[in-house]
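> please find the sequence and the predicted model below.
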Amino acid sequence: MKFTSTKPIMLASSSPRRKELLELVGIEFTVRPSQVKEDLPFTPDEPERYAIRLSEQKAEAVFATAPDMMIIAADTIVVKDGKQYSKPANEAEAVDFLMELSGQTHEVITGVTVMTIDCKLQFASRTQVKFRTLNPSLVYSYVRSGDAADKAGAYGIQTAGMLFVEHIVGDYQNVVGLPVGELIEQMCQADLLTLEVGDA
C-alpha cells in the first residue's frame, strides 16, 4: 500500500509513534519537529478545540520554515473530569497521575492539523480508556522504567502501559498518538492524498 500526496509531506513531530504509524500505511514524509512550547491554557469546556489549537501551533511553526510542504501536526491530551493529565514533570507526578486514573475512565483526545499554502484541514479524535484498579507496585515499577516520562497521562498503551488498560471505546491508534485511519480518510476526501493502485 502506498499513497501519493499533492505536496511533499513533513511531520511536525519528534514522536517515534506517530512516525511509525505513518510509515505503516505507506506515507512518504520527512520529519521536522516543532519547537513550540505547549503552554496554552487548558480549556476544560472545549478539550477538542484545545488539542486542535496545540496541533495548529505546531503546524504553523514548521510551515513558516517550509511553506512549499504539506505539514502534518498532532497533539494528544488525556482528560478526566475536566482535568488535563499532561506529560508528567517528574516520577512523583507520574505516579500521582496513574493512581488518579486507576479504576477510572478517561478520554484521550488527539487534535490534528494538516496545512499547505492553500489548505488547512483540522479535526479531533476521542477515545475512552478504562483503567484497571492498579497495583501500586506495578505503577512504581513502570514509572521507574522511564516510559512514563514523555507521554500524556504518564503511560503508553503500546508499551508496558498496556497492562493498566481494561478496555477502550474508540480508535486505538488515537491513544497511541495519531488517529491515522481518520487522518488518511480526511486527507483523501480533501484530495490531498491518492491511493496508488497497482496491478492486480
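Thanks, I have it.
> now do the helices in the protein.
16-24, 47-63, 91-101, 136-144, 172-176, 180-189 (DSSP state H).
> identify whichever of those helices lies nearest to Thr127.
In terms of CB to CB, the element of those nearest to Thr127 is helix 172-176, at 4.6 Å. All C-beta atoms are positioned from the backbone trio N, CA, C, and that covers glycine.
> ok, now which ones touch the nearest residue to Val114 once chain neighbours are set aside?
Spatial nearest neighbour of Val114, excluding adjacent residues (CB to CB, 6 or more residues apart in numbering): Leu121 at 4.1 Å. Residues in contact with Leu121 (CB atoms under 8 Å, 6 or more residues apart in numbering) are 112-115, 186-187, 190, 192.
> select from those residues the one having the most neighbours.
Val112 (27 neighbours; other CB atoms under 10 Å).
> tell me how far Asn135 lies from Asp45.
34 Å (CB to CB, to the nearest Å).
> which one of the two has more residues nearby?
Asn135 (12 against 7).
> state the pLDDT value of that one.
Here, the pLDDT recorded for Asn135 equals 96.
> show me what contacts it?
Counting by CB under 8 Å, 6+ apart, Asn135 has no contacts.
> closest one to Leu163 among the helices of the chain?
Per CB to CB, nearest to Leu163 of the helices of the chain: helix 136-144, 6.6 Å.
> pull the distance from the closest one to the chain's centre.
Distance of helix 136-144 from the chain centroid (CA atoms, centre = their mean, to the nearest Å) equals 24 Å.
> Glu107: neighbour count?
Neighbour number of Glu107 under other CB under 10 Å is 19.
> measure the residue nearest to it when sequence neighbours are not counted to Ser15 for me?
Excluding the flanking residues, the one nearest Glu107 by CB to CB, 6+ apart is Val79, at 5.0 Å. Distance of Val79 to Ser15, computed by CB to CB: 19 Å.
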